[in-house]
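A.B. asks: got a predicted structure here, sequence first:
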Amino acid sequence: MNFEMVMALSNALDARDKYTAGHSRRVMEYSIGIAKHLKLSGDDIGRLKMSALLHDIGKIGISDVILHKESGISDKEFAVIKKHPEIGTNILKAVGSFKDLVPVVYHHHERFDGLGYPQGIYGEQIPLYARIIAIADSFDAMTSTRPYRKALNIENALMEIELNGGKQFDPSISHVFTDRFVDIFDEAYRNIEPEYSI
Ligand SMILES: [Fe+2]
């Protein structure tokens, strides 16, 4: 029941525009793939799935005009976008059973080197699921076309993930993602495609 509700919520968010269609679902699949290679438990993977589906739920509270801007986002507009982890936290904390997901949604834009937001925490201070989702999220964003740029090819996106280990990402997790990418990607698409094929 909970999982289906979460899926419906994340579909509602992704349906807002063609650029993000399926984003949360792909972030979930890549995150599960990483988690399996990190040998996380079934319970952990269950919580990670929900967090991944809901990571950007706070974008529901950000105006379309800013979110769909084709170019030149101003500092002021970026400051508004940066509020989505906090908005997401406020949405989810109303639901008791989502208690464990709240810190993950709140911290999914932190960076391993401490230069992220909203708190600028670093290293293992960042919840593990948030460190996993950060990589899955960036990979999917890089390999998807957005209003302001074309998709990067997979090789270049993987290189970015590897090069950013220790900077934006937890280096041991970015290494797992790039090292086991073929397995992770294959399994993700095996799970996704049957639902989208006619
Ligand atoms: Fe986000």
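C.D. replies: Perfect, I can see it now.
A.B. asks: contacts only, for Y189.
C.D. replies: Residues in contact with Y189 (CB atoms under 8 Å, 6 or more residues apart in numbering) are E29. Backbone N, C-alpha and C define where each C-beta goes, glycine included.
A.B. asks: and it, what pLDDT?
C.D. replies: Predicted confidence (pLDDT) for Y189: 91.
A.B. asks: M1 now?
C.D. replies: Taking M1 on its own, its pLDDT is 55.
A.B. asks: one more: the one 10 residues further on?
C.D. replies: Among the per-residue scores, N11 holds a pLDDT of 88.
A.B. asks: buried residues in the helix or strand containing it?
C.D. replies: Here N11 sits within helix 2-14, counting by DSSP states H and E. By 16 or more other CB atoms under 10 Å, the buried positions in helix 2-14 come out as 6-7, 9-10, 13-14.
A.B. asks: please apply the same query to stretch 69-88.
C.D. replies: Those would be 77, 81, 83-85, 87-88, for stretch 69-88 by 16+ other CB under 10 Å.
A.B. asks: centre of the chain versus the helix holding N11, how much separation?
C.D. replies: Here helix 2-14 shows a centroid-to-chain-centroid distance of 14 Å under the convention CA atoms, centre = their mean, to the nearest Å.
A.B. asks: next, the angle helix 2-14 makes with the helix or strand following it.
C.D. replies: On the C-terminal side of helix 2-14, the closest following helix or strand by DSSP H and E is helix 23-37. Per axes from the mean of the first three to the mean of the last three CA atoms, to 10 degrees, the angle that helix 23-37 makes with helix 2-14 is 130 degrees.
A.B. asks: packing partners for helix 23-37?
C.D. replies: Applying 3 or more CB pairs under 8 Å, 6 or more residues apart in numbering; DSSP states H and E, we find helix 23-37 packed against helix 2-14, helix 42-54, helix 128-142, helix 171-179, helix 181-196.
A.B. asks: find the centremost residue of the chain, please.
C.D. replies: Centroid-nearest residue in the chain: D137, 3.4 Å away (criterion: CA atoms, centre = their mean).
A.B. asks: coming back round to it: of the buried residues of stretch 69-88, which belong to helices?
C.D. replies: If you go by DSSP state H, the buried residues of stretch 69-88 have 77, 81, 84-85, 87-88 in helices.
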